[in-house]
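> need coordinates for the following:
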Amino acid sequence: MPSAQEIQTDDVGPAATRTDLRSLLHAIHSSNYSKLSLLHPRGKVLFAEGESARGVFILRTGRATVSISSSEGRLVILRIAQPGAVLGLNSALRNAPYNTTIKIIEPGRTDFIPRKQLVELLQSDQLAAHAVSQILSREVAELTDRARSLLLPQTANARLARLLLEWSEHAPQIPKTFTQEEIAQMICSSRETVTRLIAALNRRRIICMTTDSIVISDRTALQKLATG
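Model prediction:
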């Protein structure tokens, strides 16, 4: 296991996330608990909804979808987990089945911590317990924002516009990371609807489609659509 100085967290998430993750990893190292570091290809499912919670995965690099499914098999992607996410934490702490499915969408690395070791650590290390509470708090806030973006806009067009605005917050060019089926799962719609809406946005020159990206051409128009 690496020393505390060798634990790298500079490549994960915003500052608050890095701080809490660093605290948690330092506590794991100091406790002499073992952690399993794994590399994952795109498409790898870390765990599925309904499986027994055997532990948590700390996403060190890459990205993953966090999704749920209905009894009819309809899939909804709740969020995109970024580096620094601690996946399966809520279920592991409650000793309940995983309530989401985690699928790798960008090859990356995780650290796996068995549930028993995690619980023992939190009972014995106050800093680790505080870090985990902060991580859970941010996860709830992120899911609340995601639910708002799904439920408040009345049309699929508005939900798609909000998603594109979110993705292009820092740069107008959005890499084509997701299929149209996956985008549909993010806005609670169908692939056919997403195809039609994207084509319409392209015709109106609100966006410009290239072979490997979506470029936001008229952000003001997209913002107006997002309020619909």
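> quick one: least confident helix or strand in this protein?
Averaged element by element with mean pLDDT, DSSP states H and E, the chain has its least confident helix or strand at helix 15-30 (a mean of 69).
> need the next SSE after that helix, C-terminal direction.
Sequence order places strand 36-40 as the next helix or strand after helix 15-30, per DSSP states H and E.
> may I ask you to name the longest helix in the protein?
When the chain is parsed with DSSP state H, its longest helix is helix 126-151.
> which strands and helices lie in contact with whatever helix or strand comes next after that helix?
Using DSSP H and E, the helix or strand that directly follows helix 126-151 along the chain is helix 156-167. Other elements packing on helix 156-167 under the criterion 3 or more CB pairs under 8 Å, 6 or more residues apart in numbering; DSSP states H and E are helix 126-151, helix 180-186, helix 191-203, strand 213-216, helix 219-226. (Glycine included, C-beta is placed from N, CA and C.)
> state the mean pLDDT of helix 156-167.
With pLDDT averaged residue by residue, helix 156-167 scores 92.
> the inter-axis angle of it versus helix 191-203?
Calculated by axes from the mean of the first three to the mean of the last three CA atoms, to 10 degrees, helix 156-167 forms an angle of 70 degrees with helix 191-203.
> show me the shaky parts of this structure.
Scanning the chain for pLDDT under 70 picks out the ranges 1-18, 21, 29-34, 149-153, 228.
> show the contacting residues for the residue most central in space within the chain.
Most central in the chain under CA atoms, centre = their mean is residue 81, positioned 1.8 Å from the mean C-alpha point. For residue 81, the contacting residues are 59, 63, 64, 65, 66, 87, 102, taking CB atoms under 8 Å, 6 or more residues apart in numbering as the criterion.
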